[in-house]
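K.L.:
Mind folding the following:
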Amino acid sequence: MPILVTGASGFVGSLLLPRLLRDGHTVRALGRDPERTVQALGLPWEDAVHERVEVVRGDALLGEGLDAALEGVDVAYYLIHSMESSPALHASFADRERIAAQNFASAAQRAGVGRIVYLGGLLPTVHEGPIGPDTPPVSRHLASRAQVERILLDAVPGSIALRASIVVGARSRSFRLLVRLVERMPVLTLPAWRRFATQPIDERDVIEMLARAVHAPLAGLTLDVAGPDVLTYGEMLTRIADLMLLGRPSLALRISLTPVAARVAAAIAGEDPELVLPLMEGLQGDLLPADDRAAELLGVTLHSFDAAVEHALAEWEHVEPLAAR
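P.N.:
Below is the predicted model of the structure:
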């Protein structure tokens, strides 16, 4: 089946594309920089694989190259997140997300694409339904994800959206932030959001669900995807420290001070504050799935949180050392 993967050089896209090839699909990878995309994929470029992979240049934010990329495609994966600033378009990340999704949705309609598969973000349980003017406040980051989901599903009715919280993987920026905090903070100073719970999911399980969404008879559905363990953010940090063989006492704060905490966390982790702040703004309550249907509907056996962390840390160590490992 002809499939388009956007964001192919990113964390999820670079793992998904080889998985789709194993299923025998012909895959077209869309990226703003084809050379970077090829490097990120790291595929064995022997003739048999090369014949089933095409890397094309395109930019959803600017609407460039989308018609050619989507031509003849049955299923398109939308794995684009526009949280990083664009030199070509000066707009907020929420506006960039909306514009890119609208450009892609329109091009998918013109091309007659049968299904878009989108990976978005888990919403607080009070936001299970559509977000409207009377909906309680939600973070800019999560509201943007929900808006993109609506744009894509409305454009192509056969589409499927998966919503995940923290994806545990060596290249996951949210997981890497947690690891860097554990690695570099002698005392884990945890704001009030430490008590909020979520269900992090192994990257292997997310990739398997995305791959199986190609043929799943679930048109028009939104599925919350989550791992089997319910953990607070404080418990996640403690478990990560234990698995890294690091003793880390913790200090609990009664307040969150999100803007300040985000900039401190970004400085400690060596991340962009403009990326960390929207992520931390989402820590306003529990991020738990509305139901646990996804794994059963897609036929995926889930890995535990500890197994996910061990796998991610082992992958990480292939490219750089970690403290006390």
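
K.L.:
Go through the helix or strand harbouring residue 142 and flag the buried ones.
P.N.:
In the assignment (DSSP states H and E), residue 142 maps to helix 140-155. Buried positions in helix 140-155, judged by neighbour count with 16 or more other Cβ atoms under 10 Å: 140-149, 151-153, 155. (Each C-beta comes from the backbone N, C-alpha and C, glycine too.)

K.L.:
Put the alpha carbons of stretch 159-173 into PDB.
P.N.:
Written as PDB, here are the backbone C-alpha positions of stretch 159-173 (Å, rounded to 0.1, in the frame of the first residue of the first chain):
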ATOM      1  CA  SER A 159      -9.000   9.000   9.600                       C
ATOM      2  CA  ILE A 160      -7.800   7.800  13.100                       C
ATOM      3  CA  ALA A 161      -6.300   9.900  15.900                       C
ATOM      4  CA  LEU A 162      -4.200   8.500  18.700                       C
ATOM      5  CA  ARG A 163      -3.600  10.500  21.800                       C
ATOM      6  CA  ALA A 164      -0.600   9.800  24.000                       C
ATOM      7  CA  SER A 165       0.900  11.300  27.100                       C
ATOM      8  CA  ILE A 166       4.600  10.800  27.600                       C
ATOM      9  CA  VAL A 167       6.200   8.500  25.100                       C
ATOM     10  CA  VAL A 168       9.200   6.700  26.600                       C
ATOM     11  CA  GLY A 169      12.000   6.600  24.100                       C
ATOM     12  CA  ALA A 170      15.600   7.600  23.700                       C
ATOM     13  CA  ARG A 171      14.700  10.400  21.300                       C
ATOM     14  CA  SER A 172      11.500  11.500  23.100                       C
ATOM     15  CA  ARG A 173      12.000  15.100  24.200                       C
END
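
K.L.:
What's the mean pLDDT across that stretch?
P.N.:
For stretch 159-173, mean pLDDT rounds to 94.

K.L.:
Make 28 the first number, not 1, from now on.
P.N.:
That works, and once the first residue is 28, the last one we named lands at stretch 186-200.

K.L.:
ok, now how distant is residue 63 from residue 44?
P.N.:
14 Å (Cβ to Cβ, to the nearest Å).

K.L.:
So if I had to pick from those two, which one is more boxed in?
P.N.:
Taking neighbours as other Cβ atoms under 10 Å, residue 63 and residue 44 compare with residue 44 leading, 25 against 13.

K.L.:
how close does residue 269 sit to residue 326?
P.N.:
32 Å.

K.L.:
and the two? which has more neighbours close in?
P.N.:
residue 269 (14 against 10).

K.L.:
What is the helix holding residue 169 packed up against?
P.N.:
helix 120-138, strand 142-148, strand 187-191, helix 300-308 (3 or more Cβ pairs under 8 Å, 6 or more residues apart in numbering; DSSP states H and E).

K.L.:
What is the first one packed up against?
P.N.:
Contacts defined by 3+ Cβ pairs under 8 Å, 6+ apart place helix 120-138 against helix 93-97, strand 102-105, strand 142-148, helix 167-182.

K.L.:
Of the ones you listed, give the one that comes closest to residue 339.
P.N.:
Between residue 339 and the helices and strands packed on helix 120-138, the shortest gap by Cβ to Cβ is with strand 142-148, which sits at 17.4 Å.

K.L.:
Show the end-to-end separation of stretch 313-329, please.
P.N.:
Distance across stretch 313-329, first residue to last, is 21 Å (Cα to Cα, to the nearest Å).

K.L.:
likewise stretch 240-255?
P.N.:
Chord length of stretch 240-255, first to last residue, is 20 Å (Cα to Cα).
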